[in-house]
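Engineer: my questions concern the predicted model and sequence given below.
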Amino acid sequence: MAKKKEKTRYTASELKGFEKIINEKLKESESQLEFYLSSLAESADGSKIKGLDDGTGTAERERMVTLAARTRKYMQHLENAKLRIKNGVYGVCRETGKLISKERLKAVPHATLSIDAKKEK
């Protein structure tokens with residue numbers, strides 16, 4: 001009996017499915033970023049955030065800045081994942097060279113490490 005060859009790349013239709021997930025996550029992230037930025041803009045006009053004193057308002061603005069930065073970084077990771085799809089290397093672990101499981105990619109579509117490689121780090 002011939003040994004089944006291990007799959008090394010996802011098919012074009014599988015990649016389209018992943019790209020759809022990535023685009024949905026990008027859309028959600030853009031909405032979140034817009035909310036954070038509009039909240040910051042409202043607080044920058046000198047008015048206090050409704051119901052908060054100065055110290056709490058400052059802490060809330062700092063939190064919004066952090067959330068906006070994290071969202072931008074996440075969006076960049078998603079854009080990089082789209083580039084990997086375009087280049088045909090999406091879903092390949094950068095440490096082991098094996099395919100990252102579909103379940104992992106559905107949960108973390110910008111993943112570049114398999115679970116095993118991630119555990120070893």
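Structural biologist: The structure has been received and is ready for your questions.
Engineer: hmm, who's touching stretch 19-30?
Structural biologist: With contacts defined as CB atoms under 8 Å, 6 or more residues apart in numbering, stretch 19-30 is touched by 71, 74-75, 78-79, 81-82, 85, 105-106, 109-110. For glycine as for every other residue, the C-beta is placed from the backbone atoms N, C-alpha and C.
Engineer: ok, 6 Å please
Structural biologist: 71, 74-75, 78, 81-82, 85, 109 (CB atoms under 6 Å, 6 or more residues apart in numbering).
Engineer: can you name the two of those that sit furthest apart?
Structural biologist: Across these, no pair lies farther apart than Thr71 and Ile85, at 21.2 Å, counting by CB to CB.
Engineer: picking up where we left off before, ok, of the contacts of stretch 19-30, which come out buried?
Structural biologist: For the contacts of stretch 19-30, a burial check counting by 16 or more other CB atoms under 10 Å picks out 71, 74-75, 78, 81-82, 85, 109.
Engineer: between these, which is closest to Arg9?
Structural biologist: The nearest member of those to Arg9, counting by CB to CB, is Ile85 at 11.0 Å.
Engineer: do you know the pLDDT at the closest one?
Structural biologist: Per-residue pLDDT puts Ile85 at 97.
Engineer: surely it touches Leu15?
Structural biologist: Yes: counting by CB atoms under 6 Å, a contact exists between Ile85 and Leu15, whose distance comes to 5.1 Å.
Engineer: mind checking how far the residue positioned nearest the centre of the chain is from Pro109?
Structural biologist: The structure's the chain has its C-alpha centroid closest to Tyr74; by CA atoms, centre = their mean the separation is 4.0 Å. Tyr74 sits 10 Å away from Pro109, taking CB to CB, to the nearest Å as the criterion.
Engineer: good, wrapping up.
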